[in-house]
Structures are given as structure tokens and as C-alpha cells.
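1. just a sequence and a predicted model for now, questions to come.
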Amino acid sequence: MNRREFVKVVGLGSAVIYLSGCGLTAINDKTDEDGEVSAEESVSQGKTMKIVVINSSPHSEAQSTSRYLAQKFVDGAKTAGHEIFIFDAAHEDTHPCQGCDQCGMDGACIFDDAIETKLMPQMLKADLLVLVTPLYYYGMSAQLKTVVDRFYSRTTRLSGKKSMIIATAWNSADWTMEALKNHYETLVRYMSWQDVGQVWAVGCGSRPMVERSEFGDMAFKIGAAL
Ligand SMILES: Cc1cc2nc3c(=O)[nH]c(=O)nc-3n(C[C@H](O)[C@H](O)[C@H](O)COP(=O)(O)O)c2cc1C
């Protein structure tokens, strides 16, 4: 299939998003005929980026569809020399925001858990945040939402970053990812993030399904083209 059939430009220096028969994906809009992108015209403009990948599937590395795509993205980003930090929101010690406002939206959380001590320091210095989730009842997983709600403690300091989302689902109807896409794009708007890519891997409900899909290759290419 011709890659160009999928491509629609969404912004200068940002990723390109396309809708295929089975989902959305992204590659850089500055690709040449061979799909290569020059360093100066890439999202990173040739600089090393600090990338934080937040996995949220409770499935193991060997079973998870979303972790599979996240790893493909990471493999691609490593070829471009970027620094990666991966957080496992499903298996780390995390707590949902209590709404106590002790943080005043700009300070330490009352929970001295993995979000506060491991993830937050990495997110604060990151250039790109990558949200990775299985589709759960047409939204993000509770494990990822727990992390997202904890953005509250550093809302301003997390704003202005680059962001990306990778989501997998069993269904493949054209509306499968609609609500999650809406939520992600609202988050991007509120946080003043620059969206650099969206991988909507519908029809990828099990490991064999995602492994034989085109999404792994696409996730790798997005990472490599940053
Ligand atoms: C609690 C739960 C809710 C789910 N909800 C949906 C859904 O609303 N739509 C859908 O297409 N798939 C749904 N699925 C299927 C998963 O999104 C799908 O199997 C995905 O590939 C799992 O990714 P993972 O292996 O990375 O966890 C659900 C699965 C679970 C366990």
C-alpha cells in the first residue's frame, strides 16, 4: 500500500496523521520519496530528545499489544539517538489524585509513590511524553488515567511539551477510537502540548493480531523520524 495515500499534514514540524482502513497512525510530514526525513526538518530538529514513555497495560511484555507497539516506537527512537525513560503505570506503586490540593497545582504530591519519585522528575525534564494504553470501555486504561490525573500537581510545568499517543483495541469499527482521540486532543489543547503522533491500532486485540498488523512498522518509523 502506498504510504502517501495515508498522509495528511497536521502542522509544521509535527507529525502527520492518517486514517487507514484500520486506524490512525503518524509519520513525519517532511519525508522524502524514500520516507526519510532530514534532521533539521524533523520534530527534534536534529537534537537529542528526552522521551518518557508511559505504558499502562496490565499484560506482560510478552502478551501486551500496546507494549509491543511502544517498544517498536522506542526501537525507532533509539536509532535516532533519543534518550528514553519507560514507566510501567500498571505495575509500579501508584495512587489516584485525592483532590486535596496540597500540591497547589505546583508542588509535591502527598503521595511519595512511584509517580512522584520516579516518573515526575523524568516528565519535568522530558521533551516528549508518550501515552500508551489499551482501549478500555472506549477510553484510556485506569492505570494511565491515574497518572494523567496526577499531572495536576505540576500542570503548568508539564505544559508546552511534545506529546504522542499509542492505543490498541480489539474492535475495528471506524468509531472505535473516537472518544479516546477526543480526550487526547482535549488534553493536548489544555496542556498546550504539541502533538507529534497518534497511533490508533484498531483490530489489534491480541498479540498475534498486532504482530501481523502494519502498526508495529509504523510505530518504529514514527520513532525513527522524530
Ligand atoms: C477491561 C477491558 C476493557 C476493554 N474495552 C475495550 C473496548 O471498549 N473496545 C475495544 O475495542 N476493546 C476493548 N478491550 C480490549 C483491549 O483494548 C485489547 O485487547 C487490547 O489489545 C489490549 O491491550 P494490551 O494487551 O496492551 O493490554 C478491553 C479489554 C479489557 C480487559
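-> In hand now; what should we look at?

2. residue numbers of this structure in contact with the ligand?
-> Counting by CB under 6 Å from any ligand atom, the residues of the chain lying close to the ligand are 57, 59, 64-67, 134-138, 168-171, 176, 204-205. Any C-beta I mention is one placed from the backbone N, CA and C, and that applies to glycine too.

3. enumerate every residue touching residue 226.
-> Residues in contact with residue 226, defined by CB atoms under 8 Å, 6 or more residues apart in numbering, are 28, 42-44, 49, 51, 76-77, 80, 82, 128, 196.

4. redo these as JSON lines? Include neighbour count and secondary structure.
-> Listed next are the contacts of residue 226 as JSON lines, based on neighbours: other CB atoms under 10 Å; DSSP: H, G, I helix; E, B strand; the rest coil:
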{"residue": "28", "neighbour count": "24", "secondary structure": "strand"}
{"residue": "42", "neighbour count": "20", "secondary structure": "coil"}
{"residue": "43", "neighbour count": "24", "secondary structure": "coil"}
{"residue": "44", "neighbour count": "21", "secondary structure": "coil"}
{"residue": "49", "neighbour count": "20", "secondary structure": "coil"}
{"residue": "51", "neighbour count": "26", "secondary structure": "strand"}
{"residue": "76", "neighbour count": "20", "secondary structure": "helix"}
{"residue": "77", "neighbour count": "25", "secondary structure": "helix"}
{"residue": "80", "neighbour count": "19", "secondary structure": "coil"}
{"residue": "82", "neighbour count": "20", "secondary structure": "coil"}
{"residue": "128", "neighbour count": "23", "secondary structure": "strand"}
{"residue": "196", "neighbour count": "28", "secondary structure": "strand"}
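
5. among those residues, which two are most distant?
-> 28 and 51 (15.0 Å; CB to CB).
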